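Asker: for reference, the sequence and a predicted model appear below.
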Amino acid sequence: MKTYIELIKPRLSATVIFSSFAGYLLASTEQDYLLLSKLLIGGLFLVGASNGLNQVYEVNTDALMTRTKNRPLPTKRISITSAFIFSLVLGLIGVFFLFTINLRCAFFGALSCLIYVIGYTPLKTSTPISGFIGAFPGAMPFMLGWVAVSNQFTLETGILFAIQFLWQFPHFWSIAWLRFDDYMKAKIQLLPSGQKDHKSAFQIVFYTFWLLPISVSPLLLEYFNINSTLDLSLIGSILIISLGLIFFIKSLKLLKTKSDSDAKKLMIWSLIYLPFLQIIYIMDKFV
């Protein structure tokens, strides 16, 4: 059982589930614990299924890399067939739980799993565009919590999707920068130019810059008298802009130095930025 839990990458799954939980809290006017339980269980199972199927496909490339060679499949602690069946059943159960909430929730959950497994995963070894494809399923969890409550795809869900979509580029490209040599062993191409160069660093700066206005867009919409049920106060906006400016400055530092140490600092700050942004949004609503 411990090995199967390892297969679904529990730490990564936990961060995804937190995003869904944050989206749920932002959309809800009263707490529905049954709906929340279905959302968290369904989301956890789907993310676990995606991670498991990803490893089934990449068992040979995982065996080549230092970071992944000790995973359950390369070490043969689980057979490929067992991992495939386990992950597939997990995914179907996850979709079922989301379907009991509403059809849109199940659709977006299933779509994210499909794009991740049959889009992002096979493209990783052939084109840097895989990062762009992978950003779509990665951006689903934040908006999925809102869809679970509202059963609608609206301006608010688009904003939540856009925040997590843009955030992924500096986050995953900083990781790809740090693990470049390891990825090259398996011929995995994640950096936008395929190299640790000025073009890749510039792309990181570009997406980090646009993350700033999108992250405070609810306040901007209010300024232009555009109705939205996703609110953000001036104080909350200032806090998020402060986080974003630090994020942006760190991306500029990487553009200047092209060093692994600055890529690591950027990666660490990306792990701080998203959950703190979500917490600020939640506190802004309830405090």
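Answerer: Cool, the structure landed. For clarity, every value in this text was computed on a predicted model and none was experimentally measured.
Asker: could you list the low-pLDDT ranges of the stretch 151-287 of the chain?
Answerer: Within the stretch 151-287 of the chain, not a single segment meets pLDDT under 70.
Asker: what's stretch 5-19 in contact with?
Answerer: 40, 43-44, 47-49, 51-52, 55, 71-73, 78, 83, 86-87, 90, 141-142, 145, 164, 274-275, 278 (Cβ atoms under 8 Å, 6 or more residues apart in numbering). C-beta here means a position set from N, CA and C on the backbone, and glycine is covered the same way.
Asker: how far does that stretch sit from its chain's centre?
Answerer: Chain-centre distance of stretch 5-19: 11 Å, with Cα atoms, centre = their mean, to the nearest Å.
Asker: what does stretch 251-258 give?
Answerer: The answer for stretch 251-258 is 23 Å, by Cα atoms, centre = their mean.
Asker: list the buried residues of that stretch.
Answerer: 251-255 (16 or more other Cβ atoms under 10 Å).
Asker: stretch 6-18 now?
Answerer: Residues of stretch 6-18 classed as buried: 6-9, 13, 16-18 (neighbour count, 16+ other Cβ under 10 Å).
Asker: pick the one among those closest to Ala135.
Answerer: Nearest to Ala135 among the buried residues of stretch 6-18, counting by Cβ to Cβ, is Val16 at 13.5 Å.
Asker: any idea how far that closest one is from Thr208?
Answerer: Distance, Val16 to Thr208, by Cβ to Cβ, to the nearest Å: 21 Å.
Asker: also Ser228?
Answerer: 24 Å.
Asker: what does Glu30 give?
Answerer: Applying Cβ to Cβ, the value for Glu30 to Thr208 is 36 Å.
Asker: with neighbour numbers in mind, choose between the two.
Answerer: Thr208 (29 against 5; other Cβ atoms under 10 Å).
Asker: may I see the buried residues of the helix or strand containing that one?
Answerer: Secondary structure from DSSP states H and E places Thr208 in helix 198-215. By 16+ other Cβ under 10 Å, the buried positions in helix 198-215 come out as 200-201, 203-209, 211-212, 214-215.
Asker: just flag the most distant two among these.
Answerer: Ser200 and Ser215 (22.8 Å).
Asker: ok, which stretches of the stretch 1-150 of the chain are helices?
Answerer: 2-7, 10-27, 33-57, 59-62, 80-99, 103-114, 121-123, 130-150 (DSSP state H, counting those that start in this stretch).
Asker: residues contacting the residue nearest to Val205 when sequence neighbours are not counted?
Answerer: In space, and not counting its chain neighbours, Val205 is closest to Ser251: 4.6 Å by Cβ to Cβ, 6 or more residues apart in numbering. Going by Cβ under 8 Å, 6+ apart, Ser251 touches 170, 201, 204-205, 208-209, 266.
Asker: go on, Ile279?
Answerer: Ala22.
Asker: now do Leu40
Answerer: 17, 20-21.
Asker: from the residues you listed, pick the one nearest Asn151.
Answerer: For those, the nearest to Asn151 is Ser20 (15.1 Å; Cβ to Cβ).
Asker: just give the number of residues close to the closest one.
Answerer: Neighbour number of Ser20 under other Cβ under 10 Å is 27.
Asker: going forward, the N-terminal residue is numbered 232.
Answerer: Understood, numbering begins at 232; the last thing we discussed is Ser251.
Asker: per-residue confidence at it?
Answerer: We note a pLDDT of 95 for Ser251 in this prediction.
Asker: just give the nearest non-adjacent residue to Ile406, would you?
Answerer: By the measure of Cβ to Cβ, 6+ apart, the closest residue to Ile406 outside its immediate chain neighbours is Met498, 5.6 Å from it.
Asker: distance check, the closest residue in space to Thr358 that isn't next to it in sequence against Ala407.
Answerer: In space, Thr358 comes closest to Gln420 once its chain neighbours are excluded; the distance is 6.3 Å by Cβ to Cβ, 6+ apart. Note on Gln420: its distance to Ala407, by Cβ to Cβ, is 9 Å.
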